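Chemist: Show me how the following folds:
(chains A and B)
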Amino acid sequence: MRKLLTSKWTKGAVFLVSSIPFLLLSWGLLRGDLGINPVETLQHTTGDWTLRFLIFTLIRYRRMLGLFAFFYVVLHFLTYLGPDQSFNFSGMWDDVAKRKFVTVGFAAFVLLIPLAATSTAGMIRRLGGKRWQALHRLIYICAILGVIHYYWLVKSDVRKPVFYGALVGILLLWRVWDSYFRGKGTAPAPVKTGVSATI
Amino acid sequence: MLIRRKPELTYADVTPKDVYTNRRKFLRDLGIAGAATALAGEGILSLASPSLTAYATSKLNFVKSPFSTDEKVTPINDVTHYNNFYEFGAEKDAPSKNAQNFKTTPWTVSVEGEVKTPRKLSMEEILKLAPLEERIYRHRCVERWSIVVPWIGYSLSAILKQFEPTPKAKYIAFQSYYDAGQMPHSKYTGIDYPYVEGLRMDEAMHPLALLCVGMYGETLPNQDGAPVRIVVPWKYGYKSIKSIVKIKFQEKEPPTTWNNAAPNEYGFYSNVNPAVEHPRWSQATEHRLGELFSRKTLAFNGYGDQVASLYSGMDLKKFH
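Modeler: Next up is the predicted model:
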């Protein structure tokens, strides 16, 4: 089982599957078939996949899925900055300062940047395993902020953000339980591969 | 009251053509030309899109109204497949799917409250009460998207004038039809039903306020508020209540659904106002369906010349 999960074929397959939402969006964009409000479709779909990958990355394949989360959040941010704000940065800052759902969404996006930037094996070496791990615990904050961002923006039907929130909560509890009861001894050394860091 | 009339009916002349360009889609939607879907051209695209959803509408006779805008009309497919009609679900594409079997015949509208003789109006009476007009209005949703729709109906005042209000009548309250059995998706939408809305008497009597029975030359599709709805073009879309069964004259300001759901976000007046922000987003710009970049939102949705006087002396931030 462990062999299967770490085989490069499995990782390749996970990579391909993770790219499917992007490929579908690109295909839809090329065909002009993203529904009646394509800008909204792009915004909602990239936002949804960001949250999903933030959740997936708490389970396994942390580096790859975390980078996918970052990839989708960049697209999400671009649909906001472009069609929504017409690339007007002062309007964007107004929004970030004034509206709390934009504030937390933007904060989550900014916090993901150092995580993506330090995702290489070289960066792990340079930072040292402990410091690198501490930094990458920010992913939990990002996931929580992402859920709050979603919860605050929906009009009245909160089922989906609540569902995502529950998943993040469960995964967080599982991590806490895992590290508390199983002790530190079982955590694989993160320095060598980076991907196998469990916390 | 001054209502500016346009010297020429420029756009109105073009409308039928626009409807005709959608003819194939119309026929296909009606199921008359099912085989036509196999035709080349747009065929492949629309096979994958939800435009095949049927809706049974029939032709209406109407005259063109000078109140129409000459802006580009939004394609009928967008207006029938991108809806906020929470009784049929909160997703934009839910009403076109879930309202297909909504039963709208027979239909009556009860006019009651502070009037001398309350009574029920049948749909047949409503359709004959005044000559039908086509009015091409801008429609601006509080969520920041907007459309341009050729509605069909007549001024709401025409129906209100049929009744003798008592001196106490200061407001008009509207109520939508509600039946949890026919609208099972309403359960998860987080607002209370039946949907209710209201207008101050002078707003309701304003000639731009429309009692609407159709759009794009035909009766209203279910997902757009069949068989009869209100359209108030200078207010956010949720004031334009769908599928109404009750019109009540009353002394007190009536409660309204979205105001009940979130009082700090949705006021009673809900006039389109780029200067008053929604707590969660700016209302300065809007996304016109079909356009890539946002456009500026106009005060009173561009109907300020006609309606701003209704609110003179009022603090529109306070009475948002």
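Chemist: how about the CA coordinates for the least confident helix or strand in chain A by mean pLDDT, as PDB?
Modeler: Averaged element by element with mean pLDDT, DSSP states H and E, chain A has its least confident helix or strand at helix A:2-6 (a mean of 79). Taking Å, rounded to 0.1, in the frame of the first residue of the first chain, the C-alpha atoms of helix A:2-6 are listed here in PDB:
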ATOM      1  CA  ARG A   2       2.700   2.400   1.000                       C
ATOM      2  CA  LYS A   3       4.600   1.500  -2.100                       C
ATOM      3  CA  LEU A   4       1.600   2.200  -4.300                       C
ATOM      4  CA  LEU A   5       1.000   5.500  -2.700                       C
ATOM      5  CA  THR A   6       4.600   6.700  -3.100                       C
END
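Chemist: which residues touch it?
Modeler: By CB atoms under 8 Å, 6 or more residues apart in numbering or on different chains, the residues outside helix A:2-6 that reach it are A:Thr10, A:Arg60. (Each C-beta comes from the backbone N, C-alpha and C, glycine too.)
Chemist: So which elements touch the next helix or strand after that helix?
Modeler: Proceeding N to C from helix A:2-6, the next assigned helix or strand is helix A:8-31, under DSSP states H and E. Here helix A:8-31 touches helix A:38-56, helix A:62-79, going by 3 or more CB pairs under 8 Å, 6 or more residues apart in numbering or on different chains; DSSP states H and E.
Chemist: Can you give the distance of helix A:8-31 from its chain's centre?
Modeler: Counting by CA atoms, centre = their mean, to the nearest Å, helix A:8-31 is centred 16 Å from the centre of its parent chain.
Chemist: Closest residue of chain A to chain B?
Modeler: The nearest approach of chain A to chain B comes at A:Ser156, 3.3 Å away (CB to the nearest CB).
Chemist: Spit out the contact partners of that residue.
Modeler: By CB under 8 Å, 6+ apart, the contact set of A:Ser156 is B:Tyr86, B:Ala90, B:Thr189, B:Gly190, B:Ile191, B:Ala261, B:Ala262.
Chemist: residues contacting the nearest residue to the first one once chain neighbours are set aside?
Modeler: It refers to B:Tyr86. Of all residues not flanking B:Tyr86 in the chain, B:Thr189 sits nearest, at 4.3 Å (CB to CB, 6 or more residues apart in numbering or on different chains). Going by CB under 8 Å, 6+ apart, B:Thr189 touches A:Ser156, A:Asp157, B:Tyr86, B:Glu87, B:Gly89, B:Ala90.
Chemist: can you pick the most crowded of those?
Modeler: B:Tyr86 (28 neighbours; other CB atoms under 10 Å in any protein chain shown).
Chemist: wait, doesn't it sit right on B:Tyr188?
Modeler: No: using CB atoms under 8 Å, B:Tyr86 is not in contact with B:Tyr188, being 9.6 Å away.
Chemist: got the phi/psi numbers for A:Ser179?
Modeler: Dihedral angles of A:Ser179 (phi, psi; degrees, to the nearest 10) stand at phi -70, psi -30.
Chemist: re the thing from before, what is the lowest-pLDDT residue among the contacts of B:Thr189?
Modeler: Least confident entry in the contacts of B:Thr189, by pLDDT: A:Ser156, with 79.
Chemist: Please report phi then psi for the residue nearest to it when sequence neighbours are not counted.
Modeler: Counting by CB to CB, 6+ apart, the nearest residue to A:Ser156 once its immediate chain neighbours are dropped is B:Gly190, at 3.3 Å. Backbone torsions of B:Gly190, given as degrees, to the nearest 10, read phi 80, psi 10.
Chemist: State the distance from whatever residue of the stretch 151-300 of chain B ends up closest to chain A to B:Phe163.
Modeler: Closest contact between the stretch 151-300 of chain B and chain A, by CB to the nearest CB, is at B:Gly190 (3.3 Å). For B:Gly190, the distance to B:Phe163 equals 35 Å [CB to CB, to the nearest Å].
Chemist: The two: who's more crowded?
Modeler: Using other CB under 10 Å as the criterion, B:Gly190 and B:Phe163 rank with B:Phe163 on top: 19 against 16.
Chemist: The more buried one contacts B:Thr117, correct?
Modeler: Yes: with contact defined as CB under 8 Å, B:Phe163 and B:Thr117 form a contacting pair (7.2 Å).
Chemist: B:Leu298 is in contact with B:Asn271, isn't it?
Modeler: No: using CB under 8 Å, B:Leu298 makes no contact with B:Asn271, being 11.2 Å away.
Chemist: neighbour-wise, which of the two wins?
Modeler: The residue with more neighbours, out of B:Leu298 and B:Asn271, is B:Asn271; 25 against 16, by other CB under 10 Å.
Chemist: With adjacent residues omitted, what lies nearest to the most centrally placed residue in chain B?
Modeler: Centroid-nearest residue in chain B, with CA atoms, centre = their mean: B:Val231, separated by 4.1 Å. Leaving aside its sequence neighbours, B:Val231 sits nearest to B:Leu210 (CB to CB, 6+ apart; 4.2 Å).
Chemist: OK, contacts around the one you found?
Modeler: Applying CB under 8 Å, 6+ apart, the residues near B:Leu210 are B:Arg135, B:Tyr137, B:Trp151, B:Gly153, B:Tyr154, B:Ser155, B:Leu156, B:Ile230, B:Val231, B:Val232, B:Pro233.
Chemist: Closest one of the residues you listed to B:Thr108?
Modeler: Using CB to CB, B:Ile230 is the member of those that lies nearest B:Thr108, at 16.2 Å.
Chemist: surely that closest one meets B:Ile244?
Modeler: Yes: between B:Ile230 and B:Ile244 there is a contact under CB under 8 Å: 6.5 Å.
Chemist: who touches both of those two?
Modeler: B:Phe174.
Chemist: Up against chain A, what does chain B have?
Modeler: Within chain B, the residues that sit near chain A (CB under 8 Å from any CB of the partner chain) are B:45, B:48-49, B:77-78, B:81-82, B:86, B:90, B:92-93, B:143, B:145, B:188-191, B:261-262, B:277, B:279-282, B:287, B:289, B:292-294.
Chemist: Which entries within the residues you listed meet the buried criterion?
Modeler: For the residues of chain B next to chain A, a burial check counting by 16 or more other CB atoms under 10 Å in any protein chain shown picks out B:49, B:77-78, B:81-82, B:86, B:90, B:92-93, B:143, B:145, B:189-191, B:261, B:280-282, B:287, B:289, B:294.
Chemist: Which of those residues fall in strands?
Modeler: Counting by DSSP state E, the part of those found in strands is B:Trp145, B:His287.
Chemist: Compute the number of surrounding residues for the residue lying closest to B:Val63 once chain neighbours are set aside.
Modeler: Of all residues not flanking B:Val63 in the chain, B:Glu133 sits nearest, at 5.6 Å (CB to CB, 6+ apart). Using other CB under 10 Å, B:Glu133 is surrounded by 18 other residues.
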